[in-house]
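*Asks:* Sequence and predicted structure are below.
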Amino acid sequence: MTKPKILISEDEVIIAEDLAASLEELGYETCAIDSGEDTIDMIRETHPDLVLLDINLKGDADGVDIGSRIRQEFKIPFIYLTAYADHATVDRAKKTQPDGFLVKPFDEKSLRSAIEIALYKHDNNRKGDLPTNGSHLPDHKDQEFTSDYIFVKVKHRIIKVHYNDILWVEAYDNYSFIVTADQKYLVSSTLKDMEHKLRSQNFVRVHRSYIANLDKIEALEENSVVFSKGDVPIGKSYKKALMSKFNII
């Protein structure tokens with residue numbers, strides 16, 4: 001699958017270099033520009049899938065001016081980067097309908113989530129096929145015939161994901177991440193919706209923001225569930241019910 005290309009429009013070289021390094025570690029292709037005036041030309045030249053745009057670019061055109069042109073001239077998402085912006089600038093920025101804001105300094109998780117959601121929403125809005133019920137997963141009726149797996153829409157493909165491959169499901173606003181050993185899929189379902197779509201005997205809510213696959217748990221700690229890929233927290237109100245699922249000696 002082709003790597004999404006991210007254009008970084010940032011006039012602070014160190015920040016741009018750190019961003020590029022983080023994005024490449026996350027599996028994205030990157031290109032960068034340090035001038036607002038040249039960003040539009042760079043978009044035409046490189047055809048990025050998304051633009052990370054410093055809201056306070058120096059020059060005759062700041063980030064908001066460039067964001068407005070991107071919205072008008074190109075069918076690609078853009079996310080504003082900002083350490084500080086006055087109220088007037090923020091109000092201008094909102095009117096350009098960006099696909100997200102990232103406040104500096106931001107961590108890799110916030111960066112990845114913002115980009116994944118922006119690309120996901122843009123891809124579905126462009127195709128005009130976003131379901132009215134907010135989900136790309138089969139409903140209960142469908143699952144009667146597909147009891148061992150679900151289908152997840154990733155760009156132009158619908159991918160089969162076996163229940164046994166899922167480690168956990170993580171909430172993110174009105175979306176959820178389905179996490180497997182080697183992939184992380186973003187779906188437009190809330191965690192509550194996901195509880196109904198997954199087999200209840202294997203998948204248990206362990207935190208208000210997490211559902212765990214009991215078959216994939218490798219260890220239990222005082223306040224977390226341990227998987228091969230990482231840990232997820234255990235909420236106090238879910239701990240007693242979770243512990244009752246295990247034969248502990």
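*Replies:* Thanks, I have the structure now.
*Asks:* Give me the below-cutoff pLDDT ranges for the chain.
*Replies:* Applying pLDDT under 70 to the predicted model, the residue ranges of the chain that meet it are 1, 36, 85, 124-147, 155-156, 199-200.
*Asks:* Scan it for its longest helix.
*Replies:* Across the chain, the longest stretch assigned as helix under DSSP state H is helix 108-127.
*Asks:* Kindly report the domain assignment for the chain.
*Replies:* Here the chain is described, according to automatic domain parsing, as comprising the domains 5-127, 140-243.
*Asks:* how about the helices of the chain, start to end?
*Replies:* Listed in chain order (using DSSP H), the helices of the chain are 13-25, 36-46, 63-73, 87-95, 108-127, 140-143, 191-197, 236-243.
*Asks:* Tell me which residues are up against the third one.
*Replies:* This points to helix 63-73. Defining contact as Cβ atoms under 8 Å, 6 or more residues apart in numbering, one finds that helix 63-73 is touched by 9, 36, 39-40, 43, 51, 53-57, 76, 78, 80-82, 89, 92-93, 95-98. All C-beta spots, glycine's among them, are computed from the backbone N, C-alpha and C.
*Asks:* list the buried ones in it?
*Replies:* Along helix 63-73, the positions that meet the burial threshold by neighbour count (16 or more other Cβ atoms under 10 Å) are 63-71.
*Asks:* Not including adjacent chain positions, what is the nearest residue to L52?
*Replies:* I8 (5.0 Å; Cβ to Cβ, 6 or more residues apart in numbering).
*Asks:* ok, that neighbour - contacts?
*Replies:* 16, 19-20, 23, 30-33, 51-52.
*Asks:* can you tell me which two in those are farthest apart?
*Replies:* Of all pairs drawn from the contacts of I8, the greatest distance, 14.5 Å, lies between L23 and I33 (Cβ to Cβ).
*Asks:* quick one: contacts for D11?
*Replies:* 34-36, 54, 57-59.
*Asks:* Quick one: end-to-end distance for stretch 23-31.
*Replies:* With Cα to Cα, to the nearest Å as the measure, the first residue of stretch 23-31 is 10 Å from its last.
*Asks:* before we move on, the earlier item: and the helices of the chain, which is most packed in?
*Replies:* Here the criterion is mean neighbour count by mean count of other Cβ atoms under 10 Å, and of these the winner is helix 63-73, at a mean of 20.
*Asks:* S113 contacts D173, doesn't it?
*Replies:* No. With contacts counted by Cβ atoms under 8 Å, S113 stays clear of D173, the gap being 9.0 Å.
*Asks:* Identify the contacts common to those two.
*Replies:* Contact criterion Cβ under 8 Å, 6+ apart; residues shared by S113 and D173: none found.
*Asks:* backbone phi and psi for S209, please?
*Replies:* With angles defined as degrees, to the nearest 10, S209 shows backbone torsions of phi -110, psi 10.
*Asks:* one step back: adding distance to I249 as columns, could you present the domains of the chain in a markdown table?
*Replies:* What follows is the domains of the chain, written out as a markdown table (distance: least, Cβ to Cβ, whole Å):
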| stretch | distance to I249 |
| --- | --- |
| domain 5-127 | 37 |
| domain 140-243 | 13 |
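*Asks:* Using PDB, write out every CA atom in stretch 90-106.
*Replies:* What follows is stretch 90-106 as a C-alpha-only set of coordinates in PDB (Å, rounded to 0.1, in the frame of the first residue of the first chain):
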ATOM      1  CA  VAL A  90      -8.000  31.500  16.000                       C
ATOM      2  CA  ASP A  91     -11.400  32.900  14.900                       C
ATOM      3  CA  ARG A  92      -9.900  33.400  11.300                       C
ATOM      4  CA  ALA A  93      -8.500  29.800  11.500                       C
ATOM      5  CA  LYS A  94     -11.900  28.300  12.400                       C
ATOM      6  CA  LYS A  95     -13.500  29.900   9.400                       C
ATOM      7  CA  THR A  96     -11.200  28.000   7.100                       C
ATOM      8  CA  GLN A  97     -12.600  24.700   8.400                       C
ATOM      9  CA  PRO A  98      -9.400  22.900   9.100                       C
ATOM     10  CA  ASP A  99      -9.300  19.100   9.700                       C
ATOM     11  CA  GLY A 100      -7.700  19.600  13.100                       C
ATOM     12  CA  PHE A 101      -5.500  21.600  15.500                       C
ATOM     13  CA  LEU A 102      -2.300  20.400  17.200                       C
ATOM     14  CA  VAL A 103      -0.900  22.500  20.000                       C
ATOM     15  CA  LYS A 104       2.900  22.600  20.300                       C
ATOM     16  CA  PRO A 105       4.500  20.700  21.900                       C
ATOM     17  CA  PHE A 106       2.500  17.600  21.000                       C
END
